[in-house]
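Chemist: when you get a sec, could you give me coordinates for this:
(2 chains)
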2 protein chains.
Amino acid sequence: MNQRDSTIALDAMGGDHGPAVVVPAALRALEAHPDLTLILVGRPEAVEAELKRHGAGGGDRLRLHPATQVVAMDEAPSHALRSKKDSSMRVAIDLVKRGEAAACVSAGNTGALMATARFVLKTLPGIDRPAICTALPTVRGHTHVLDLGANIDSDATHLFQFAVMGSVLAAAVDGNERPSVGLLNIGEEEIKGNEQVKEAARLLAESPLNYTGFIEGDGIFLGEADVVVCDGFVGNVMLKSSEGVARMIAHYMRQEFRRSLFTRLAGLCALPVLRALKRRIDPREYNGASLLGLQGIVVKSHGGADVKAFAAAIGVAVTEVRQDVPHRISARLESLLVQEKRA
Amino acid sequence: MNQRDSTIALDAMGGDHGPAVVVPAALRALEAHPDLTLILVGRPEAVEAELKRHGAGGGDRLRLHPATQVVAMDEAPSHALRSKKDSSMRVAIDLVKRGEAAACVSAGNTGALMATARFVLKTLPGIDRPAICTALPTVRGHTHVLDLGANIDSDATHLFQFAVMGSVLAAAVDGNERPSVGLLNIGEEEIKGNEQVKEAARLLAESPLNYTGFIEGDGIFLGEADVVVCDGFVGNVMLKSSEGVARMIAHYMRQEFRRSLFTRLAGLCALPVLRALKRRIDPREYNGASLLGLQGIVVKSHGGADVKAFAAAIGVAVTEVRQDVPHRISARLESLLVQEKRA
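Modeler: Prediction:
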């Protein structure tokens, strides 16, 4: 990577924990990626205090960039966009726009991040709406799901664009040149699904994408497709419900193992196995959602992310920078248009 | 319960296993509910063979009712409705219509069951669309969620009607006279949710129902409301995804416990605890979805239900019969209309 391509801006003030998580995560990412440079964007005193606590200072590979404002986690995106022009979030995105960073990562308010990124960076030609995409664990590995909440009431063309973006991301991240694409649908209606989904299925079937048909909710976690496409309302409910089920199961498991002395001993025996299980479905391993469809790379970390999780989100940005995901999306869209004209 | 009120018709041919599951489940339900009478509807030779295998015969409390046809699990609902007028499913519903049974239970094709039940029984006055409702486990107990796939593109009035039906069901089943009602929504959009959900929120806030606001997907399993209302497309994806996550976790758990001799021994120690956990989230305990909003009680069992699960679905029908759910829904709707006129 050259200088510009090896630099990522971090919104140091975003998320529930701000610099207390972002700074140590940055130090960890610098160790993991020897050719990486990071810019910590935020209030200098807060960031410097945190660096000091870790016995670290600025340097060639870790620069500070001041920003006086902070976007609150519950702030209206329009308010953030209008009145927080010197927020750590906005300044980090501005650095991407100006070419001083190849990507930015924020654990801040999702709505504000999406609105600001869209306003500053603009969407790629041929993309109407950006989408939020993340990898979810499956019994076979993982699958990329989008949109997870950037859009509601997506029409067939939007769903088709999501499929293109998700395919490019899966190809770039997993090195799988023809990722299979499934459309999330339900199996209960006679003429299955709504009009948008049915029309999107027609568009996908006619395209050169590796479209494999409808999949139902359980198919996501059974690994039935490499990319799963859905409207953002549906995707967001799916994502949050899945987190809720996993938390409920963990809650019940703790309760059952605490029931008596015997079950506590059994829990002790099973601890290494339960820890291994936890690692495999640990949402922190899957932290880092991509805002796809923009003229720039923006990665959203979970607001409550800890150091490990935020470092994983930086890792997502590193991969997207290396793979030049936005340009690959543009190129793919152009080649689809050329093929369409020939047809 | 009087004679008519203690009689439930079972679609003996429905589901993946037909009489092999329905007949033993019926015998189990008769033991559990001493004042219950069941009618097994299906091909007499198939049902009788199964009864014989269990050393049981017909009797006052277990009658046979012949039906020559069977609706296939993948048959188009319109085809079933048009050409299967002597199917076990249709005849079971006809028995409810004629007042010979107070409810029917089927593990057959959901679409065909819904279409047939709606055609034969009709919806209650004031209900535009029936909905599918089931109880899901939460960290606090359970919550009733509807619609799970009977309808797509539900508007605000439909969502409001689902809230009324779900409230009545929760009150009847749990003895909770003011169940809290949440509207499933997403938290990512600036002006949260789509137009239908926002308008439904207004209708619910003005109603005497115990409406407690929006909840997100994880809130279902954290037990944030007694009743959760959503469009059937969203609800179906939520339900199936949740099943998928639970299966994925179980798959990983098995893998981890089988990794080595040590983990196998740990699994042996933890087995009683893991079994207790399994019972608490066993989907078979939660089998039996209610088709609400009809002039009659229809309970849908999971197609792959085993004996225990199908018996649980019969139990759901018994409760709804005892609590006279359809009349309570009508009464509630009328009282809401009266209050609306006064207001």
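
Chemist: how is chain A partitioned into domains?
Modeler: Here the domain assignment for chain A is A:1-127+A:293-325, A:128-285, based on automatic domain parsing.

Chemist: so A:G126 makes contact with A:A331?
Modeler: No. Counting by Cβ atoms under 8 Å, A:G126 stays clear of A:A331, with 10.8 Å between them. All C-beta atoms are positioned from the backbone trio N, CA, C, and that covers glycine.

Chemist: one step back: out of the domains of chain A, the one nearest B:S241 is which?
Modeler: domain A:128-285 (3.5 Å; Cβ to Cβ).

Chemist: mind checking how far the closest one is from the chain centre?
Modeler: On the basis of Cα atoms, centre = their mean, to the nearest Å, domain A:128-285 sits 13 Å off its chain's mean C-alpha point.

Chemist: now do the end-to-end distance for that domain.
Modeler: 30 Å (Cα to Cα, to the nearest Å).

Chemist: ok so, going back, so A:G126 and A:A331 - more neighbours on which side?
Modeler: Neighbour tally, A:G126 and A:A331, criterion other Cβ atoms under 10 Å in any protein chain shown: the higher count belongs to A:G126, 15 against 12.

Chemist: for that one, what are its contacts?
Modeler: A:161, A:330, A:333-334, A:337 (Cβ atoms under 8 Å, 6 or more residues apart in numbering or on different chains).

Chemist: just the helices in the stretch 101-250 of chain A please.
Modeler: Ranges of helices in the stretch 101-250 of chain A, per DSSP state H, counting those that start in this stretch, are A:110-121, A:156-174, A:195-206, A:217-221, A:232-257.

Chemist: quickly compare these and say which is most buried.
Modeler: Burial of these is given as mean neighbour count (mean count of other Cβ atoms under 10 Å in any protein chain shown); helix A:217-221 ranks first at a mean of 25.

Chemist: and whichever residue of the stretch 1-150 of chain A sits closest to chain B, its phi and psi?
Modeler: The nearest approach of the stretch 1-150 of chain A to chain B comes at A:G149, 3.5 Å away (Cβ to the nearest Cβ). Backbone torsions of A:G149, given as degrees, to the nearest 10, read phi 140, psi 10.

Chemist: could you do A:S330 as well?
Modeler: Dihedral pair for A:S330: phi -60, psi -50, per degrees, to the nearest 10.

Chemist: can you count the residues close to the nearest residue to it once chain neighbours are set aside?
Modeler: Leaving aside its sequence neighbours, A:S330 sits nearest to A:L124 (Cβ to Cβ, 6 or more residues apart in numbering or on different chains; 5.3 Å). Counted with other Cβ under 10 Å, residues neighbouring A:L124 total 19.

Chemist: ok, now A:R258?
Modeler: With neighbours defined by other Cβ under 10 Å, the count for A:R258 comes to 11.

Chemist: what sits against the spatially closest residue to A:I297 that is not a sequence neighbour?
Modeler: Excluding its sequence neighbours, the residue lying closest to A:I297 (Cβ to Cβ, 6+ apart) is A:A103, at 3.6 Å. For A:A103, the contact set (Cβ under 8 Å, 6+ apart) comprises A:8-9, A:96, A:296-299, A:317-318, A:320-321.

Chemist: pretty sure A:R279 contacts A:E285?
Modeler: Yes. If you go by Cβ under 8 Å, A:R279 and A:E285 touch, sitting 7.1 Å apart.

Chemist: so for the two, which residue has more residues nearby?
Modeler: Taking neighbours as other Cβ under 10 Å, A:R279 and A:E285 compare with A:E285 leading, 16 against 12.

Chemist: wait, a helix at that one?
Modeler: Yes. Assessed by DSSP: H, G, I helix; E, B strand; the rest coil, A:E285 belongs to a helix.

Chemist: what's near enough to touch it?
Modeler: Counting by Cβ under 8 Å, 6+ apart, A:E285 touches A:137, A:279, A:312.

Chemist: could you dump the residues you listed into a markdown table and include distance to chain B?
Modeler: As requested, those are arranged in a markdown table below (distance: Cβ to the nearest Cβ, whole Å):
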| residue | distance to chain B |
| --- | --- |
| A:P137 | 7 |
| A:R279 | 10 |
| A:A312 | 19 |
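
Chemist: now pLDDT too, for those, in CSV please.
Modeler: Formatted as CSV, the contacts of A:E285 follow (pLDDT from 0 to 100):
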residue, pLDDT
A:P137, 91
A:R279, 78
A:A312, 94
